[in-house]
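Novice: Sharing a sequence plus its predicted fold:
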Amino acid sequence: MKYQAYQINIIAEKVLEEDLIALLEEAGAKGYSIFEAGGNSSLHLHPAQHASIIDALHLMKIEVIVKDPQKAEQIAEQITQEFFDTQPGIVSLSEVWIFRPQKF
């Protein structure tokens with residue numbers, strides 16, 4: 001049986017990782033996944049595979065799934081306001097289907 005949930009995707013510089021995770025945990029997210037990211041933006045190219053001295057400026061993607069739509073929206077808005085008014089980053093929210101609702 002499948003259940004509706006909400007996925008928050010966050011793309012940000014790695015330097016924000018600890019602060020973003022702290023916010024997610026304080027907001028009650030039960031878990032998250034972190035991926036190395038890359039791409040192209042209006043600012044410049046962000047290679048996914050990198051050899052650099054400044055690892056903190058590389059991109060990462062954090063995925064979080066929550067069951068409650070209000071909680072998902074609140075988390076997404078809080079991240080946008082606290083981090084991305086002054087830092088580059090993307091937050092998106094999508095409806096998804098999950099099969100083990102007790103995990104979220």
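Specialist: Done, it's in.

Novice: quick one: the helices in the chain?
Specialist: When secondary structure is read from DSSP state H, the chain shows helices at 17-26, 69-83.

Novice: Nearest to residue 8 among the ones you listed would be which one?
Specialist: With distances scored as CB to CB, the stretch of the helices of the chain nearest to residue 8 is helix 69-83 (5.3 Å). Where you see a C-beta, it was placed from the backbone N, CA and C, and this is true even at glycine.

Novice: can you state the direction angle for that closest one and helix 17-26?
Specialist: Here helix 69-83 points in a direction 150 degrees away from that of helix 17-26 (axes from the mean of the first three to the mean of the last three CA atoms, to 10 degrees).

Novice: Pull out the buried residues from helix 69-83.
Specialist: By neighbour count, with 16 or more other CB atoms under 10 Å as the criterion, the buried positions of helix 69-83 are 72, 75, 76, 79, 83.

Novice: other SSEs contacting that helix?
Specialist: For helix 69-83, the helices and strands in contact under the criterion 3 or more CB pairs under 8 Å, 6 or more residues apart in numbering; DSSP states H and E are strand 3-13, helix 17-26, strand 59-66, strand 89-98.

Novice: which neighbours does the third one have in its sheet, and in what orientation?
Specialist: Based on DSSP bridges, the strands next to strand 59-66 in the sheet, each with its direction, are strand 3-13 (antiparallel), strand 33-36 (antiparallel).

Novice: Which of the buried residues of helix 69-83 sits closest to residue 93?
Specialist: Distance ranking of the buried residues of helix 69-83 against residue 93, using CB to CB, places residue 76 first at 4.9 Å.

Novice: Cheers, nothing more for now.
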